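> Have a look; sequence and predicted model below, questions after that.
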Amino acid sequence: MKSATNAAIAFTECDLIAAARARGKARSKPAGRGAKLSVVGRRREVVVGGKRARTIDVHAHCLIPEAYALLGLDPSDHRGPGIEEVGPRRIAEMDKQGIDMEALSINPRWYRAERDVVTQVIKIQNERLAEFCAAYPDRFVAFASVALQFPDLAVQELVDGVKTLGLRGAAVGASVAGDEFSHPKFHPFWAKAEELGVLIFIHPQSTPDLKRRLQGQGWLENTIGNPLDTTIALSHLIFEGTLDRFPGLKICSAHGGGFLPSYAARSDNSLRVAPDMDTGVKLKKKPTEYLKQMYYDTLVFTPEALRHLAAEVGVNRLVIGTDHPIPWQDKAVDHILKTPGFSNAERRAMLGETAARLLGVKR
């Protein structure tokens with residue numbers, strides 16, 4: 001890999017990560033009937049029902065300092081180690097967790113940038129991501145960045161990212177500078193994503209309209225704001241008919257789909273209780289049924305939460321999400337293996353088989 005590339009990508013870092021890393025030690029424990037983690041050298045290999053299971057994390061962050069600078073953002077506020085050490089270091093962390101592959105994404109902070117600037121930003125990010133993944137092809141794939149504030153540009157960036165650079169879909173926020181994804185101006189982007197058959201990964205950016213109320217203790221901008229933002233985004237896609245218009249669209253939401261799967265049945269009853277709120281969009285099925293045509297990461301925090309999410313959306317709709325390197329869930333593999341009630345086949349699907357299919361990862 002060229003030295004220019006070596007300095008061009010960084011993985012987000014924070015004090016919590018350093019503390020967690022200092023405390024963390026690799027462990028190998030039995031993980032439910034027929035499932036275990038074994039240590040081979042320094043790499044943890046996941047075995048389910050006597051069969052090696054490849055694990056794929058769809059929710060892993062990085063950033064490109066060069067692109068941050070173009071946006072007027074200070075990369076030093078977020079950057080971790082340089083790429084020359086971050087590749088091996090990141091892989092070592094993945095090995096301890098039992099993660100075989102990560103799908104990298106960059107949280108969009110460019111939705112209000114001007115067209116000429118954002119064009120440069122996206123070009124840099126997608127090229128650097130592709131170069132990095134090419135250097136570690138058995139450990140990393142990546143989602144393209146797209147400038148959704150200019151839907152025509154986003155369509156071309158998605159095509160170029162997938163067909164030219166080998167990226168596996170696109171990572172987007174949960175809204176675009178105040179506009180909902182269900183707005184007709186985004187239809188060309190959804191149509192192209194459906195045509196290409198690629199995964200769109202939704203990662204929220206808090207809920208900006210509630211910024212004042214989310215101040216104070218508890219890091220509410222993230223704790224509540226992120227899952228709420230996703231809940232709103234998915235609800236609009238459902239109620240305004242976007243998922244009917246593009247039934248083959250492959251969407252995966254971070255953080256278990258936000259709050260929506262936990263209170264989904266209320267959506268089925270909303271228009272019955274308040275028919276005057278009907279916008280005239282006639283859905284082809286009940287709102288809760290649309291949950292079963294999307295995908296969700298497993299970034300929920302208890303066995304009961306994971307069991308409930310699977311019950312609401314289907315086990316075949318779940319994929320590992322760690323939020324790496326932010327230490328929300330560094331036991332994602334154990335979380336799946338130790339939650340009771342799943343078959344070996346279901347565990348293997350959640351651990352990596354479903355993600356491999358969605359991301360086009362070959363054996």
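Sure, I can see it. Residues are numbered from 1 along each chain as shown.
> quick one: low-confidence ranges for the stretch 201-350 of the chain?
276-279 (pLDDT under 70).
> can you pull out the strands in it?
250-253, 295-297, 318-319 (DSSP state E, counting those that start in this stretch).
> helices or strands next to the second one in the packing?
Secondary structure elements in contact with strand 295-297, counted by 3 or more Cβ pairs under 8 Å, 6 or more residues apart in numbering; DSSP states H and E, are strand 250-253, strand 318-319. All C-beta spots, glycine's among them, are computed from the backbone N, C-alpha and C.
> Highest mean neighbour count out of the ones you listed?
strand 318-319 (a mean of 28; mean count of other Cβ atoms under 10 Å).
> Neighbouring strands - and their directions - for that strand?
Sheet pairing here is set by DSSP bridges, and for strand 318-319 it gives strand 295-297 (parallel).
> So what touches the partner strand?
For strand 295-297, contacts defined as Cβ atoms under 8 Å, 6 or more residues apart in numbering pick out 58-59, 199, 250-257, 261, 309, 313, 317-321, 354, 358.
> 6 Å instead?
By Cβ atoms under 6 Å, 6 or more residues apart in numbering, the residues outside strand 295-297 that reach it are 58-59, 252-254, 256-257, 313, 317-319, 321.
> Stretch 314-321 now?
By Cβ under 6 Å, 6+ apart, the list of residues contacting stretch 314-321 from outside reads 57-59, 292, 295-299, 332, 346, 349-350, 354-355.
> What's the local residue count around the nearest residue to residue 296 once chain neighbours are set aside?
Excluding its sequence neighbours, the residue lying closest to residue 296 (Cβ to Cβ, 6 or more residues apart in numbering) is residue 257, at 4.4 Å. Neighbour count for residue 257, taken as other Cβ atoms under 10 Å: 30.
> next one: residue 362
For residue 362, the count of nearby residues is 5 (other Cβ under 10 Å).
> in what helix or strand does the nearest residue to it once chain neighbours are set aside lie?
Distance criterion Cβ to Cβ, 6+ apart; nearest residue to residue 362, sequence neighbours excluded, is residue 356 at 7.9 Å. In this assignment (DSSP states H and E), residue 356 forms part of helix 354-359.
> list the contacts for residue 158?
Counting by Cβ under 6 Å, 6+ apart, residue 158 makes contact with 146, 170, 192.
> which of those are buried?
146, 170, 192 (16 or more other Cβ atoms under 10 Å).
> Of those residues, which belong to strands?
residue 170 (DSSP state E).
> on that earlier part again, can you tell me which of the strands of the stretch 201-350 of the chain comes nearest to residue 363?
Taking Cβ to Cβ, strand 318-319 is the member of those nearest to residue 363, at 17.2 Å.
> now that closest one: how far from the chain's centre is it?
10 Å (Cα atoms, centre = their mean, to the nearest Å).
> Could you do stretch 233-245 as well?
19 Å.
> Pairing partners for the helix or strand hosting residue 141, with directions?
Take DSSP H and E as the rule and residue 141 turns out to sit in strand 140-142. If you go by DSSP bridges, strand 140-142 pairs up with strand 101-105 (parallel).
> Next secondary structure after the strand it pairs with?
Sequence-wise, the next helix or strand downstream of strand 101-105 (DSSP H and E) is helix 115-135.
> what sits up against that next one?
Contact with helix 115-135 is made by 1, 5, 8-9, 64, 66-67, 70, 106, 110, 140-142, 144-145, 147, 150, 157, 161, 165, as judged by Cβ under 6 Å, 6+ apart.
> can you check stretch 237-254 too?
Stretch 237-254 is contacted from outside by 59, 181-182, 190, 194, 199-203, 230, 281, 284, 287, 290, 294-297, using Cβ under 6 Å, 6+ apart.
> Show me which residues of it are buried.
Within stretch 237-254, the residues scored as buried using 16+ other Cβ under 10 Å are 237-243, 245-246, 249-254.
> Put together CSV for the helices and strands packed on strand 295-297, with distance to residue 363 on each row.
What follows is the helices and strands packed on strand 295-297, written out as CSV (distance: least, Cβ to Cβ, whole Å):
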stretch, distance to residue 363
strand 250-253, 20
strand 318-319, 17
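> closest to residue 88 out of these?
Closest among these, using Cβ to Cβ: strand 318-319, at 25.3 Å.
> all helices for the stretch 201-350 of the chain, in order.
Ranges of helices in the stretch 201-350 of the chain, per DSSP state H, counting those that start in this stretch, are 220-223, 225-239, 242-245, 265-273, 287-290, 303-313, 332-338, 344-348.
> Reformat those helices as CSV; add distance to residue 209.
Below are the helices of the stretch 201-350 of the chain laid out as CSV (distance: least, Cβ to Cβ, whole Å):
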stretch, distance to residue 209
helix 220-223, 12
helix 225-239, 9
helix 242-245, 20
helix 265-273, 21
helix 287-290, 23
helix 303-313, 26
helix 332-338, 31
helix 344-348, 38
